[in-house]
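what follows is a predicted protein model with its sequence.
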Amino acid sequence: MARISEDVAEAVRTAANAARGYPGDLADVHRRARRRRNRQAVLSAAAVVAVLAGAGVGVASQRQQAAPALPPAATDPPAAAVPSVGPSAPSNPAPPAREPAQHLILRDAAGTYRTEGQAVELGIGSRVGELRPDWTLVTHRVVGSRNWERLVVLPDGSRVAFGSHDTEPGTRRTDGPDVSGLEYRLVVTGRDGAVRLQRDVRRHDEPVMLLTATATTAYLWRPAGLVSHDLETGTERTVVRKASAGLGEVFGSLRFADLSGGRLVVSRMTDECVPRVYDVATGRLVAELPLTGAGCVAVTDMRLSPDGATLGVVYEHSGATGPQTRAVLIRVADRRELIGSEDLLVDRAKTSPAISVAWEDDHTLRGAIYPVGAAGVSGVDAFSLTRD
Amino acid sequence: MVVSTVMIGAGPAAPEQDGFEAFYRANVDRLYRALAVTLRRDDLAAEAVAEAMARAYARWPTVSRLDNRAGWVFRVGLNWATSWWRKVRRERPPADDSAHPHLRPPEVAVARDALARLPEPQRAVITCRVLLDLSTAETATALRIGEGTVKSRLARGLAVLRHELNSED
């Protein structure tokens, strides 16, 4: 093992001590913490899952390599061409009998993971992991956008990726909204990985982010609101203005959003525990679904079902013994909680676990819980909630 | 059709927010300096420390249980900074002298130039080991990399530093 000689250590300390003292203060930390409001969604490590009872509803769980795989309690076939956020498609060409309506991508995964078979490394080299309905873990490579930030896998396995791309790497420039040599790319690839479309959607002095996509349309957040971007022509149309979605500003105000079944759900930074569902066609508010009564303090992930009728939410609440996490399915029409897990988890590990959820079909929400950045090989815990 | 249930009990009692302020006051300056060396930008380091400390505060019941809380804050700050930079359209922070106006004395310039030769991941490892006094295992945990990676980065980084420092003599 390399020994750190005193002269080298002294040089490093010299460089560090040359910096002026830390200019911030504790009050600033408190202000930031209040603003963030536990924004960093997370739970504690290890395992989980939960309960449930009541006729007609069920919760299934599985811990990797700990129990035989439970078949998803799927009912209807997946809807076609329904917007779905997130996941990426399998690069292995042997699809299972049924493709999920929404692919369960392990957001923010970084490290080495194993469910069955070989361990896979995620978060490096643009490799994305997906937990398949049979609970196996597959990886996909995102191409065409080095700094990809968002990926949508369509029902046919093709993918729509979004990310920034530096066209002048290594060139010194002044940062800022007008920086040169930057593109925001939409990249559409087929199931075979071939790039079908690559388009720069950057506008001068404007942030932009992909929300979701269909085979023909990408839905982008721009400062004015949610816009539909025709993948064929590049034509854009505002479908939900920011004010209609209750947003003073789009960027910096959104905690979570999802679009599915003609409905948009938005969770705002200022009150993330009150998801609001809007009708995309009319821009009108359909329902507010407050989780505050359940003690919600932060939302971890949420997805609308393919038909837009049910919201699946994972949220943190203040339990008697500290932060706890629940998953619930809420019917949008009457705001009724159809099914909910008991407190999931809880082993406090050294790394922060993440949770991602996606709908198998209109009835079953699947979720994955996994550590981020842990050393060694990590397992992936899974759960599902099924409603009638 | 209730399918199944697996209950994995409730966690240990949550610590109180107590202790955060002491942790903050004991560590914020050295964390800031460590990030300033790693990122080579004081302003970015200050923002990164503030963000990371805010996250530690918000999740103090969890963070306070960690063996290496300073390492956690360092890593969160580093991740935030690199992510922030990416979003602000640069894949790497610039090695810009103007970002370190205080680095003027010769010995500081020598140290600065030597460290500037290192890729950021190697600087991060050396920073953790030298400035934060973390062990190899703690550094690996803090940076979310393997111990072997820590050792290899440290070895390569030290070799470059030794060469650079000696060549200045």
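It's in.

how about low-confidence regions in chain B?
Low-confidence regions of chain B, defined here as pLDDT under 70, cover residues B:1-18, B:83-107, B:167-169.

same thing but 80
B:1-18, B:41, B:43, B:61-62, B:65-67, B:80-110, B:112-113, B:116-117, B:144-148, B:163-169 (pLDDT under 80).

quick check: the residue nearest in space to the middle of it vs residue B:133, distance?
The structure's chain B has its C-alpha centroid closest to residue B:74; by Cα atoms, centre = their mean the separation is 3.2 Å. Between residue B:74 and residue B:133 the computed distance is 12 Å (Cβ to Cβ, to the nearest Å). The way it works is simple: take the backbone N, C-alpha and C, and place the C-beta from them, glycine included.

tell me if I'm right that the residue nearest to the centre of chain B and residue B:132 touch.
Yes - Residue B:74 is within contact range of residue B:132, at 6.3 Å (criterion: Cβ atoms under 8 Å).

list residues touching both of the two?
Counting by Cβ atoms under 8 Å, 6 or more residues apart in numbering or on different chains, the shared contacts of residue B:74 and residue B:132 are B:31, B:34, B:142.

neighbour count and distance to chain A added to these, as CSV?
What follows is the shared contacts of residue B:74 and residue B:132, written out as CSV (neighbours: other Cβ atoms under 10 Å in any protein chain shown; distance: Cβ to the nearest Cβ, whole Å):
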residue, neighbour count, distance to chain A
B:31, 25, 8
B:34, 30, 7
B:142, 27, 9
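
among these, which lie within strands?
Using DSSP state E, the subset of the shared contacts of residue B:74 and residue B:132 located in strands is empty.

looking at those, which is nearest residue B:80?
residue B:31 (12.4 Å; Cβ to Cβ).

can you get me a residue count around residue B:110?
Residue B:110 is flanked by 18 other residues according to other Cβ atoms under 10 Å in any protein chain shown.

that one and residue A:142: what is the separation?
For residue B:110, the distance to residue A:142 (Cβ to Cβ) stands at 42 Å.

can you check residue B:55 too?
Where residue A:142 is concerned, residue B:55 sits at a distance of 27 Å (Cβ to Cβ).

leaving out the residues flanking it, which one is nearest to residue A:216?
Leaving aside its chain neighbours, residue A:216 sits nearest to residue A:231 (5.8 Å; criterion: Cβ to Cβ, 6 or more residues apart in numbering or on different chains).

picking that back up, sec struct for the residue nearest to the centre of chain B, please.
helix (DSSP: H, G, I helix; E, B strand; the rest coil).

chain A versus that one, what's the distance?
Separation of residue B:74 from chain A (Cβ to the nearest Cβ, to the nearest Å) stands at 13 Å.

check contacts around that residue.
Neighbouring residues of residue B:74 by Cβ under 8 Å, 6+ apart: B:31, B:34-35, B:52, B:127-128, B:132, B:142.

for residue A:167, same thing?
A:181-183 are the contacts of residue A:167 under Cβ under 8 Å, 6+ apart.

select only the buried ones of the residues you listed in PyMOL?
What follows is the PyMOL syntax for the buried subset of the contacts of residue A:167, where burial is set by 16 or more other Cβ atoms under 10 Å in any protein chain shown:
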select buried, chain A and resi 182+183
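
give me the distance between residue B:122 and chain A.
For residue B:122, the distance to chain A equals 11 Å [Cβ to the nearest Cβ].

now that residue, what's its secondary structure?
Applying three-state DSSP: residue B:122 is helix.

do I have it right that it meets residue B:152?
No - using Cβ under 8 Å, residue B:122 is not in contact with residue B:152, being 9.3 Å away.

comparing the two, which residue is more hemmed in?
Neighbour tally, residue B:122 and residue B:152, criterion other Cβ under 10 Å: the higher count belongs to residue B:122, 22 against 15.

grab the nearest non-local neighbour of the more buried one.
Nearest to residue B:122 is residue B:157, by Cβ to Cβ, 6+ apart, at 3.6 Å.

so what's that neighbour up against?
Counting by Cβ under 8 Å, 6+ apart, residue B:157 makes contact with B:118, B:122-123, B:125-126.

that one sits in which helix or strand?
helix B:147-167 (DSSP states H and E).

with residue B:37 instead?
helix B:20-39.

next: residue A:313.
Here residue A:313 is assigned to strand A:310-319, by DSSP H and E.

returning to that earlier point: more neighbours: residue B:55 and residue A:142, which one.
residue B:55 (25 against 22).

surely that one touches residue B:76?
Yes - under the criterion of Cβ under 8 Å, residue B:55 makes contact with residue B:76 at 5.7 Å.

hmm, back to that, in TSV: the contacts of residue A:167, plus pLDDT.
As requested, the contacts of residue A:167 are arranged in TSV below (pLDDT from 0 to 100):
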residue	pLDDT
A:181	76
A:182	77
A:183	81
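
of the contacts of residue A:167, closest to chain B?
Nearest to chain B among these is residue A:182, at 4.5 Å by Cβ to the nearest Cβ.

beta-bridge partners for that closest one, please?
Residue A:182 has the following beta-bridge partners by DSSP bridges: residue A:166.

relative to residue A:210, how far out is it?
Going from residue A:182 to residue A:210 by Cβ to Cβ gives 16 Å.

and after the helix holding residue B:37, which helix or strand comes next?
Where DSSP H and E defines the elements, the next helix or strand beyond helix B:20-39 is helix B:42-58.

that following helix - contacts with which helices or strands?
The contact analysis (3 or more Cβ pairs under 8 Å, 6 or more residues apart in numbering or on different chains; DSSP states H and E) places helix B:42-58 against helix A:26-36, helix B:20-39, helix B:69-87.

that helix to helix B:69-87, inter-axis angle?
120 degrees (axes from the mean of the first three to the mean of the last three Cα atoms, to 10 degrees).

buried sites along helix B:42-58?
So, applying 16+ other Cβ under 10 Å, buried residues of helix B:42-58: B:42, B:44-58.

can you show me the CA trace of it as CSV?
Extracted in CSV, the C-alpha atoms of helix B:42-58 (Å, rounded to 0.1, in the frame of the first residue of the first chain):
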residue,chain,number,x,y,z
ASP,B,42,-13.6,27.7,-3.6
ASP,B,43,-17.0,29.0,-4.5
LEU,B,44,-18.2,25.7,-5.8
ALA,B,45,-16.8,24.0,-2.7
ALA,B,46,-18.7,26.4,-0.4
GLU,B,47,-21.9,25.7,-2.2
ALA,B,48,-21.3,22.0,-2.1
VAL,B,49,-20.6,21.9,1.6
ALA,B,50,-23.7,23.9,2.3
GLU,B,51,-25.8,21.6,0.2
ALA,B,52,-24.3,18.5,1.7
MET,B,53,-24.7,19.8,5.3
ALA,B,54,-28.3,20.7,4.6
ARG,B,55,-28.9,17.1,3.5
ALA,B,56,-27.1,15.8,6.5
TYR,B,57,-29.3,18.0,8.7
ALA,B,58,-32.5,16.9,7.0
